[in-house]
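Asker: task: produce atomic coordinates for the following.
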Amino acid sequence: NGTIEATRFFVETSHIADATSEEDMMVEFRDIADKHGLVPYHPLFVFYDHYLAVLSNTLQNIGIALGVMLVIALLIIPHPWCAVLVVLTTVSIFVGVIGLMSLWDVDLDMVAMITLIMCIGFSVDFSAHITYAFAVSSSRKRDDRSVDALHHLGYPTVQGAVSTILAVVPIYFAGAYTFVLSSRLYS
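Answerer: Numbers count the residues shown, from 1 in each chain. All right, here's what the predicted structure looks like:
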């Protein structure tokens with residue numbers, strides 16, 4: 001019938017050195033292709049797509065984790081101000097972890113995102129337990145309540161932190177990116 005129903009052509013690229021370049025290249029290919037009714041495809045585009053989504057997904061997951069954590073803390077810890085302090089403590093720890101990621105030149109990818117979300121879980125555990133012990137202490141003075149909370153939960157909290165670090169240190173020597181990144185950020 002004389003019509004072309006399908007065709008394909010190959011395009012080569014150069015100077016694509018990092019994930020940002022890959023993302024930019026894919027977006028530019030898609031923009032050009034959209035103008036001409038084409039569909040660009042490469043098997044690696046599946047992986048490049050995650051670079052586009054990782055920041056928004058990370059922010060969304062962090063927001064959900066902190067929101068759920070606040071709701072649970074408000075339900076469990078008797079004083080609302082203490083629950084808010086647990087969230088602020090967790091945010092502070094989280095900002096420190098992000099600072100270490102920057103110091104260590106860790107890019108934000110799916111592995112880093114998952115590790116960051118897990119860091120929230122680890123950090124809330126210790127602060128929530130100490131805060132709860134402070135809130136339910138029968139002592140009247142704040143100093144006495146702090147001492148009481150640390151007396152009851154300080155040692156188990158230190159044990160939990162040390163056991164987590166001891167469990168993660170051998171993973172660091174495994175050599176795989178996922179394990180090295182996780183062990184660095186968890187400890």
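Asker: okay, which residue is most central for the chain?
Answerer: Centrality entry for the chain: nearest residue to the mean C-alpha point is residue 116, 2.2 Å, by Cα atoms, centre = their mean.
Asker: in which helix or strand would I find that residue?
Answerer: Secondary-structure assignment from DSSP states H and E places residue 116 in helix 110-135.
Asker: please point out which parts of that helix sit buried.
Answerer: For helix 110-135, the neighbour count (16 or more other Cβ atoms under 10 Å) marks 111-113, 115-117, 119-120, 122-124, 126-135 as buried. C-beta coordinates here come from the backbone N, C-alpha and C atoms, glycine included.
Asker: check stretch 48-67 too.
Answerer: 48, 51, 54, 58, 62, 65, 66.
Asker: let me know the closest of these to residue 78.
Answerer: Checking these against residue 78 with Cβ to Cβ, the nearest one is residue 66 at 20.5 Å.
Asker: now do the very next helix or strand once past the helix holding residue 116 and helix 110-135, the angle between them.
Answerer: Counting by DSSP H and E, the element after helix 110-135 in chain order, helix or strand, is helix 142-172. Taking axes from the mean of the first three to the mean of the last three Cα atoms, to 10 degrees, one finds that helix 142-172 is oriented at 150 degrees with respect to helix 110-135.
Asker: give the buried residues for helix 142-172.
Answerer: By neighbour count, with 16+ other Cβ under 10 Å as the criterion, the buried positions of helix 142-172 are 145, 146, 148, 149, 152, 153, 157, 168, 171.
Asker: that concludes my questions; thank you for your assistance.
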